[in-house]
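*Asks:* Give the three-dimensional model of this entry:
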Amino acid sequence: MKMDVLSIFGIIVAFMAIVGGNFIEGGHLSSLLQFTAFIIVIGGTLGAVLLQSPLSIFMQAAKMGAWVFVPPSQKLEQQLEELVEWSRIARREGLLGLERIAEDLGVEFSRKGLQMVVDGSEPDSVRKILELDLDIYEQKLMHGAKVYEAAGGYAPTIGIIGAVMGLIHVMENLADPSKLGAGIAVAFVATIYGVGSANLLFLPIASKLKTIVHLQVTGREMIIEGLASIADGENPKSIESRLQSYLT
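*Replies:* The predicted structure is shown next:
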């Protein structure tokens with residue numbers, strides 16, 4: 001797996017732009033650091049996400065978060081070469097010649113599909129069963145990505161709640177000017193945390209994960225097409241020509 005440098009660079013640029021803009025305007029970093037506002041926004045957003053998500057989906061989303069920086073490998077070229085080689089073996093030795101390969105495959109999806117081909121399943125049957133598995137796989141991953149999308153929706157609203165709470169604190173202490181600054185700071189910084197976390201983290205992460213899911217699905221679609229073609233006894237050259245379109 002390779003590190004996604006662009007994601008790291010994007011986060012650095014985004015936060016440096018915010019902090020740098022604040023500095024240019026004469027502000028100080030300390031004015032943006034409010035632990036109370038952080039607890040309200042991040043804690044409230046986490047609580048809302050936990051309330052809406054079943055545990056299995058939340059855990060899936062937590063695991064997928066690492067994909068933003070270290071996306072799963074997607075070796076479509078290698079996958080294409082394997083499918084073409086399997087088709088050649090099938091033409092030389094028959095479908096049973098693929099049995100040993102099926103037993104050694106590490107990916108359950110590919111192993112299941114190739115075993116169906118070895119067992120002599122009809123191409124339409126191979127396609128339908130694997131497409132059903134793919135739909136379930138895609139839905140599972142998309143639910144994980146939507147957890148971050150939901151967090152991006154909750155965070156700004158909870159930031160407003162934090163702002164209102166800060167203003168309430170200000171109104172309660174109008175007679176004591178020494179306490180007004182803290183309340184006003186929480187009010188404004190909570191709004192910044194809510195809107196900033198949504199638009200600089202949660203929503204971009206959700207979009208990135210959806211893109212990665214799409215690439216994973218594309219890879220499995222190529223496997224389905226290749227295996228169905230092998231089961232149908234197509235020429236390896238014809239299979240290779242059709243599968244080339246997935247590389248674009």
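
*Asks:* Tell me how far the nearest residue to residue 240 once chain neighbours are set aside lies from residue 78.
*Replies:* Distances taken as C-beta to C-beta, 6 or more residues apart in numbering put residue 84 closest to residue 240, at 4.7 Å, once the chain neighbours are dropped. For glycine as for every other residue, the C-beta is placed from the backbone atoms N, C-alpha and C. Note on residue 84: its distance to residue 78, by C-beta to C-beta, to the nearest Å, is 11 Å.

*Asks:* So for these two, which sits in the more crowded spot?
*Replies:* Using other C-beta atoms under 10 Å as the criterion, residue 84 and residue 78 rank with residue 84 on top: 19 against 10.

*Asks:* quick one: contacts for the more buried one?
*Replies:* Listed by C-beta atoms under 8 Å, 6 or more residues apart in numbering, the contact set of residue 84 reads 226, 236, 239-240, 243.

*Asks:* again, only this time at 7 Å
*Replies:* 236, 239-240 (C-beta atoms under 7 Å, 6 or more residues apart in numbering).

*Asks:* Can you list the neighbours in contact with stretch 197-213?
*Replies:* If you take C-beta under 7 Å, 6+ apart as the criterion, stretch 197-213 is touched by 7, 14, 41, 64-65, 67-68, 71, 138, 141-142, 144-146, 148-149, 151-152, 155-156.

*Asks:* List buried residues within the contacts of residue 84.
*Replies:* Among the contacts of residue 84, the ones that count as buried by 16 or more other C-beta atoms under 10 Å are 236, 239-240.

*Asks:* residue closest to the middle of the chain?
*Replies:* Against the mean C-alpha coordinate of the chain, by C-alpha atoms, centre = their mean, the closest residue is residue 209 at 2.2 Å.

*Asks:* so which strand or helix has that residue?
*Replies:* helix 203-231 (DSSP states H and E).

*Asks:* in that helix, what's buried?
*Replies:* Judged by neighbour count (16+ other C-beta under 10 Å), helix 203-231 contains these buried residues: 203-206, 208-210, 212-213, 216-217, 219-220, 222-231.

*Asks:* Now do the helix or strand of the chain with the lowest mean pLDDT and helix 203-231, the angle between them.
*Replies:* Using mean pLDDT, DSSP states H and E, the weakest-scoring helix or strand in the chain turns out to be helix 180-197, at a mean of 80. Between helix 180-197 and helix 203-231, the angle comes out at 20 degrees (axes from the mean of the first three to the mean of the last three C-alpha atoms, to 10 degrees).

*Asks:* what distance separates helix 180-197 from the centre of its chain?
*Replies:* The chain centroid and the centroid of helix 180-197 are separated by 29 Å under C-alpha atoms, centre = their mean, to the nearest Å.

*Asks:* Flag every buried residue along that helix.
*Replies:* 183, 185-194, 196-197.

*Asks:* Output the contacting helices and strands for the strand or helix carrying residue 51.
*Replies:* Per DSSP H and E: residue 51 is located in helix 44-52. If you count contacts as 3 or more C-beta pairs under 7 Å, 6 or more residues apart in numbering; DSSP states H and E, helix 44-52 packs onto helix 123-172.

*Asks:* any idea of the mean pLDDT in the helix it packs on?
*Replies:* Helix 123-172 carries an average pLDDT of 91.

*Asks:* so how far is it from its chain's centroid?
*Replies:* Distance, centroid of helix 123-172 to centroid of chain: 10 Å (C-alpha atoms, centre = their mean).

*Asks:* ok and it relative to helix 203-231, angle-wise?
*Replies:* 170 degrees.

*Asks:* Packing partners of helix 123-172?
*Replies:* helix 44-52, helix 55-64, helix 108-118, helix 180-197, helix 203-231.
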